[in-house]
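Asks: coordinates only, sequence not included:
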């Protein structure tokens, strides 16, 4: 049995929040605390994720934030 994309991703996320900005660009923002960026990147590059992005006209942009003080 193959584990779904979302089931794999939640294994290395400790926080996940979605915000629909509902503007003319139809932007959906996701904020998450990821404990393994390499695994997240690998899942985002998987054939399933790429096909989903293509079907849904989705462009992934990922930012990393570090605590300064």
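Replies: On my side now, so go ahead. What you are looking at is a predicted structure, and each value in this text was computed from that prediction instead of being measured.
Asks: drop to CA atoms for contacts and neighbour counts, all remaining ones
Replies: Fine.
Asks: name the nearest residue to residue 53, ignoring sequence neighbours.
Replies: Nearest residue to residue 53 in three dimensions, chain neighbours excluded: residue 59, at 6.7 Å (CA to CA, 6 or more residues apart in numbering).
Asks: ok, how many other residues are close to the one you found?
Replies: By other CA atoms under 10 Å, 10 other residues sit near residue 59.
Asks: can I assume it sits in a strand?
Replies: No - judged by DSSP: H, G, I helix; E, B strand; the rest coil, residue 59 forms no part of a strand; its state is coil.
Asks: mind checking how far it is from residue 7?
Replies: Counting by CA to CA, to the nearest Å, the gap from residue 59 to residue 7 is 21 Å.
Asks: can you check residue 17 too?
Replies: Separation of residue 17 from residue 7 (CA to CA): 16 Å.
Asks: also residue 15?
Replies: Distance, residue 15 to residue 7, by CA to CA: 14 Å.
Asks: quick one: the helices in this protein?
Replies: Here the chain has its helices, by DSSP state H, at 5-9, 37-44, 47-55.
Asks: redo these as a markdown table? Include distance to residue 31.
Replies: Below are those laid out as a markdown table (distance: least, CA to CA, whole Å):
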| stretch | distance to residue 31 |
| --- | --- |
| helix 5-9 | 14 |
| helix 37-44 | 13 |
| helix 47-55 | 18 |
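Asks: noted, bye for now.
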